[in-house]
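Visitor: Sequence and predicted structure below; questions after.
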Amino acid sequence: MDKLVIEGGKPLSGTIVIQGAKNAALPILAASLLVDGTVIIDQVPKLLDIDVMLSILRDLGCRAEHIGQSVVLDTASLHSSHVPETLMRQMRSSIFLMGPLLARFGRVEIYQPGGCAIGERKIDLHLRGLEALGAEIKETGSRIICTAERLKGADIVLDFPSVGATENIMMAAVLAEGITTITNAAREPEIQDLQHFLNQIGAKILGAGTDTITIEGVRSVVPCRYRIIPDRIVTGTVMVAAAATRGQVTLQNTNPAHLTSLIHVLRRAGVQVIVDGDIIKVGGASRPKAIDRIVTNPYPAFPTDLQSQVMVLLALADGTSLMKETIFEGRFKHVDELVRMGADIRIDQNCAFVRGVPRLYGATVEATDLRAGAALVIAGLAAQGQTIVEQVHHIDRGYDEIETLFNRLGAKITRYSAALNNRVIPG
Ligand SMILES: CC(=O)N[C@H]1[C@@H](OP(=O)(O)OP(=O)(O)OC[C@H]2O[C@@H](n3ccc(=O)[nH]c3=O)[C@H](O)[C@@H]2O)O[C@H](CO)[C@@H](O)[C@@H]1O
Ligand SMILES: C=C(OP(=O)(O)O)C(=O)O
């Protein structure tokens, strides 16, 4: 497995352009299966999860090429609605294939998806949503077969505003007969992006971004070209890194409206954040202030996907902060690693009590999942001395060469590739 060696202690400075959003690109690539023809998706980041999604699409019969930041996907030769278990298990987002394949073929055969070790991550809300649309579901071990001659619109109330379930139901309902409403829908910006894409191919959807989404079924959809939104979690990661290293960074190609809760938190910590159109400037000249309470919750509240990164900033703050994680029960795995770097953090159930220390020290640490890994990179950048982050493949799921991203801002990060006998990969 690759590892990153970080020479810490340097303030980040300079300008970077933010990549497209993984969590928007993955469902939109899956939704492209509703189309019979060629779809071009722009601003698709080069990530492990995107590679897995393209492998699945090819396995189903599509032609898929990732050229620069654009994916050209030809679904004309799509012939299968069976996703092999080995591919399903490579990521959580393989579950997005379920809705579109069911809508297109009237039958889909999949397996329980894989994903980060951040919690139980059931798919009951996805399955119940499809059942409400008329699908018959048979589960045998990890195999799931869904069938429905033609899906029928229904009123669906989600017990929890699940991002993935909202998206799967939206995709399945596009070709259903009649009207579907999703109540207590998730409101994340990626759901709005999915609605925009689906409407561009000819779907009739209203309400994404609110808690009620209405989908009027159509008989068919058409090809289009579409550009993915900027990644708000990568944007937030860089903002926090700038603050934690007390640097000055300008981020281009952002959507500040998607980051209101983080901007609020950073300003409370005394970090300077200036917003100008799609540009965000972050300046972290002095030691951050502690924040009494941050609670992760569905959008527009503070995102779970930025909890670990912000914890690094609070670990360096003046005073004691509390972070409560309400979405995933296994999302504090970075804490032990941060403690190895000198942080003073105590966990009690789903709360982390973070007593700020003046500095962190380099250590060898392990990325246990995507955002935990990103947090350790930030900690390494801010720490005194050398940090080695192992198990980098987790980070590669969501950041397009994180070392290159930060090296452009003056960091010194070197990747050693296991595949190349631990040789350095030029960043
Ligand atoms: C590809 C993608 O967009 N991933 C994001 C998406 O994941 P994902 O779509 O998996 O997250 P959900 O919103 O579905 O999950 C939130 C909570 O609901 C639970 N749940 C979910 C579905 C279900 O059928 N049953 C159930 O109990 C989950 O276990 C979790 O506790 O939203 C999460 C919450 O913002 C983010 O952290 C992920 O980065
Ligand atoms: C948890 C995440 O992704 P996924 O849902 O793909 O595991 C994430 O992006 O932080």
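Guide: Everything's here; your move. Residues are numbered from 1 along each chain as shown. Ligands and ions are numbered 1, 2, ... in the order given.
Visitor: Find me the pLDDT at Gly427, would you?
Guide: At Gly427 the predicted local confidence, pLDDT, stands at 54.
Visitor: Check Asp59 too.
Guide: 98.
Visitor: The closest residue to Val295 other than its chain neighbours - how many residues pack around it?
Guide: Leaving aside its sequence neighbours, Val295 sits nearest to Lys324 (C-beta to C-beta, 6 or more residues apart in numbering; 4.4 Å). Just so you know, the C-beta spots here come from the backbone N, C-alpha and C atoms, and that holds for glycine as well. The tally of other residues near Lys324 (other C-beta atoms under 10 Å) stands at 15.
Visitor: Ok, Arg359 next?
Guide: Other residues lying near Arg359 total 15 when counted by other C-beta under 10 Å.
Visitor: Quick check: can you list the domain ranges of this structure?
Guide: 3-19+230-425, 22-227 (automatic domain parsing).
Visitor: Can you add distance to ligand 1 and give the ones you listed back as a markdown table?
Guide: Below are these laid out as a markdown table (distance: least, C-beta to the nearest ligand atom, whole Å):
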| stretch | distance to ligand 1 |
| --- | --- |
| domain 3-19+230-425 | 5 |
| domain 22-227 | 3 |
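Visitor: Report the beta-bridge partner residues of the residue nearest to Val295.
Guide: Val295, Cys351 (DSSP bridges).
Visitor: Check whether it really touches Ile347, as I assumed.
Guide: No: with contacts counted by C-beta atoms under 8 Å, Lys324 stays clear of Ile347, the gap being 11.0 Å.
Visitor: Skipping adjacent residues, who's closest to Gly319 in space?
Guide: In space, Gly319 is closest to Ala290, 3.0 Å off (C-beta to C-beta, 6+ apart).
Visitor: how about that neighbour, what does it touch?
Guide: Counting by C-beta atoms under 8 Å, 6 or more residues apart in numbering, Ala290 makes contact with Ala269, Leu314, Ala317, Asp318, Gly319, Thr320, Ser321, Val354, Gly356.
Visitor: Show me which pair in those residues is furthest apart.
Guide: Ala269 and Thr320 (13.1 Å; C-beta to C-beta).
Visitor: Those two: which is more packed in?
Guide: In this view Ala269 and Thr320 are compared by other C-beta under 10 Å, and Ala269 has more residues nearby, 24 against 15.
Visitor: Helix, strand, or coil at Ile156?
Guide: strand (DSSP: H, G, I helix; E, B strand; the rest coil).
Visitor: I figured Val157 hits Ala185, correct?
Guide: No: applying C-beta under 8 Å, one finds Val157 not in contact with Ala185, separated by 9.6 Å.
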